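[1] let me see the structure of the following:
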Amino acid sequence: MKRFASHLLILSPDIIYTKQVIEVENQLLVRIFPLEEELESVSWLSGVLFLSSQKMDINTIIKKLREAVGVRLPSFLSKYSSNVSIGDLIYVYLVSSVDLPTLSILPETQIEELYAY
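    Just a heads-up that it's a prediction; the model follows:
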């Protein structure tokens with residue numbers, strides 16, 4: 001089982017949480033809960049976590065990010081989002097170097113897949 005937390009968690013363009021922990025086991029979403037205190041078993045990651053039921057081609061996404069500077073991240077991710085639920089098979093992505101107050105994509109914004117197996 002792996003637990004990740006970050007500044008923001010995006011499940012869809014309309015569902016964005018702050019300081020949440022996701023718990024994943026065997027690539028299945030086990031639960032989501034608020035990060036209220038430091039927990040030993042949680043990996044804190046700086047940036048935005050994004051959960052998707054589809055695997056994304058990271059190289060293609062990175063190229064598209066370069067063309068989307070200034071676009072709000074939830075809008076950019078909308079074509080990759082799906083309504084994930086507890087028990088679903090998921091892919092976990094970390095988007096770093098985002099303007100957190102506006103959620104805008106910056107020239108240095110990066111994305112990587114987190115392996116939650």
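
[2] all strands of this protein, in order?
    Along the chain, counting by DSSP state E, strands occupy 2-12, 15-25, 28-34, 43-52, 91-99, 104-114.

[3] out of those, flag the one nearest Ala68.
    strand 104-114 (5.1 Å; C-beta to C-beta). In short, each C-beta sits where N, CA and C put it, glycine included.

[4] quick one, that closest one and strand 91-99 angle?
    150 degrees (axes from the mean of the first three to the mean of the last three C-alpha atoms, to 10 degrees).

[5] and strand 104-114, how far from the chain's centre?
    Here strand 104-114 is found 10 Å from its chain centre; the criterion is C-alpha atoms, centre = their mean, to the nearest Å.

[6] got it, and stretch 105-117?
    Worked out by C-alpha atoms, centre = their mean, stretch 105-117 lies 8 Å from the chain centre.

[7] need the contact partners of that stretch.
    For stretch 105-117, contacts defined as C-beta atoms under 8 Å, 6 or more residues apart in numbering pick out 2, 4, 24, 26-27, 45, 49-50, 55-56, 58, 61-62, 65-66, 68-73, 76, 90-99.

[8] tell me the buried residues in that stretch?
    Neighbour-count burial for stretch 105-117, counted by 16 or more other C-beta atoms under 10 Å, picks out Ile105, Thr109, Ile111, Leu114, Ala116.

[9] stretch 30-37 now?
    Quick answer for stretch 30-37 (16+ other C-beta under 10 Å): Ile32, Leu35.

[10] dump that stretch to PDB, restricted to CA.
    C-alpha atoms of stretch 30-37 as PDB (Å, rounded to 0.1, in the frame of the first residue of the first chain):
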ATOM      1  CA  VAL A  30      -8.500   2.400  -1.600                       C
ATOM      2  CA  ARG A  31      -9.400   5.700   0.000                       C
ATOM      3  CA  ILE A  32      -9.000   9.500   0.000                       C
ATOM      4  CA  PHE A  33      -8.900  11.400   3.300                       C
ATOM      5  CA  PRO A  34      -7.800  14.800   4.500                       C
ATOM      6  CA  LEU A  35      -4.200  15.300   5.600                       C
ATOM      7  CA  GLU A  36      -4.800  16.800   9.100                       C
ATOM      8  CA  GLU A  37      -1.400  16.000  10.600                       C
END
